[in-house]
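Chemist: output the structure for:
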Amino acid sequence: MAEDEVIVEERVADTDGQDIRPGELLIPEETYLTSGVHIGTQQKSASMRRFVYKVRFDGLHVLDVRETDRRIRFAAQFLNRYPADRILVVSQRQYGQKPVRVFAKTTGAVSFAERFVPGCLTNPNLAEYFEPKVLLVTDPATDQQALSEAVSIGIPVVGLCDVNNETRNVDLVIPANNKGRVALATVYWLLAREVLKGRPGGADAPYTLTIEDFQAAL
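Modeler: Numbering: from 1, shown residues only. Prediction:
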């Protein structure tokens, strides 16, 4: 477990001190469901048990989209505590690479898509060396190298975590399907929107991007 997880989790539990009531999701529940954000795996880690809503007839675990929604809100607030150009977002998953790039371009963050070169966060002699203040991972398992280096330099980690993920080194978990093409596009589209809305003047600025703009090609 990351050193700051308890503190971060306490903040998550009190997002503006308000509960999310029916009808107050960031997007219609149907959008979450049709994009498959809630569809997890058949395997379940102990640390993700609390985010599971039910188990389907086929053995797939279903995530609680209300918790996903709540944590996207908080993750946006959390990321906005850091300079945009010191936020690093990574994905080695094929379907996560375009969403990561579009998220970074839209919010001013930095993205490392595809292969993460070992030492990017720890070896100043590398051309790819970067000093982020916070790391956003698409999948703690496939982005393990970036996650490990973030832990070693002591920066917080926000992670999209599926039912089978271990969350030991993730400070802020966003429970979501982190393997599906449309699911990843939906989460990054919504997170980008909420990050922009949380900045000065952002609430009144138009957000013209669509979920399709974040979707990787088939």
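Chemist: now for the longest helix along the chain, which elements pack on it?
Modeler: What stands out as the longest helix in the chain, according to DSSP state H, is helix 181-197. Packing contacts for helix 181-197, counted by 3 or more CB pairs under 8 Å, 6 or more residues apart in numbering; DSSP states H and E, involve helix 29-35, helix 65-79, helix 94-107, helix 211-214. From N, CA and C alone the C-beta is placed, and that goes for glycine too.
Chemist: quick check: pLDDT value at the residue of the chain most remote from its centre.
Modeler: The outermost residue of the chain, judged against the average C-alpha position, is residue 125 (29.2 Å), by CA atoms, centre = their mean. Residue 125 is assigned 97 on the pLDDT scale.
Chemist: where are the low-confidence patches of this protein?
Modeler: Low-confidence segments of the chain (pLDDT under 70): 1-23.
Chemist: 80 instead?
Modeler: Within the chain, the ranges that satisfy pLDDT under 80 run 1-23, 114.
Chemist: centre-most residue in it?
Modeler: By CA atoms, centre = their mean, the mean C-alpha position of the chain lies nearest to residue 160, the distance being 3.9 Å.
Chemist: wait, isn't that one in contact with residue 170?
Modeler: No: assessed by CB atoms under 8 Å, residue 160 is found out of contact with residue 170, at 9.3 Å.
Chemist: tell me the bridge partners for residue 111.
Modeler: residue 89 (DSSP bridges).
Chemist: I figured it hits residue 98, correct?
Modeler: No: here residue 111 does not reach residue 98: they are 10.1 Å apart, not a contact under CB under 8 Å.
Chemist: next, count neighbours for the residue nearest to residue 197 when sequence neighbours are not counted.
Modeler: Leaving aside its sequence neighbours, residue 197 sits nearest to residue 203 (CB to CB, 6 or more residues apart in numbering; 5.3 Å). Residues near residue 203, counting by other CB atoms under 10 Å, number 9.
Chemist: same check on residue 64?
Modeler: Residues near residue 64, counting by other CB under 10 Å, number 15.
Chemist: how about the one 10 residues further on?
Modeler: For residue 74, the neighbour count with other CB under 10 Å is 20.
Chemist: so how far is residue 104 from it?
Modeler: 20 Å (CB to CB, to the nearest Å).
Chemist: tell me the secondary structure at residue 145.
Modeler: When classified by DSSP: H, G, I helix; E, B strand; the rest coil, residue 145 comes out as helix.
Chemist: wait, isn't it in contact with residue 115?
Modeler: No: taking CB under 8 Å as the definition, residue 145 is not a contact partner of residue 115, at 9.1 Å.
Chemist: quick one: stretch 139-156 to chain centroid distance?
Modeler: With CA atoms, centre = their mean, to the nearest Å as the basis, stretch 139-156 stands 13 Å off its chain's centre.
Chemist: do stretch 125-133 as well
Modeler: Offset of stretch 125-133 from its chain centre (CA atoms, centre = their mean): 21 Å.
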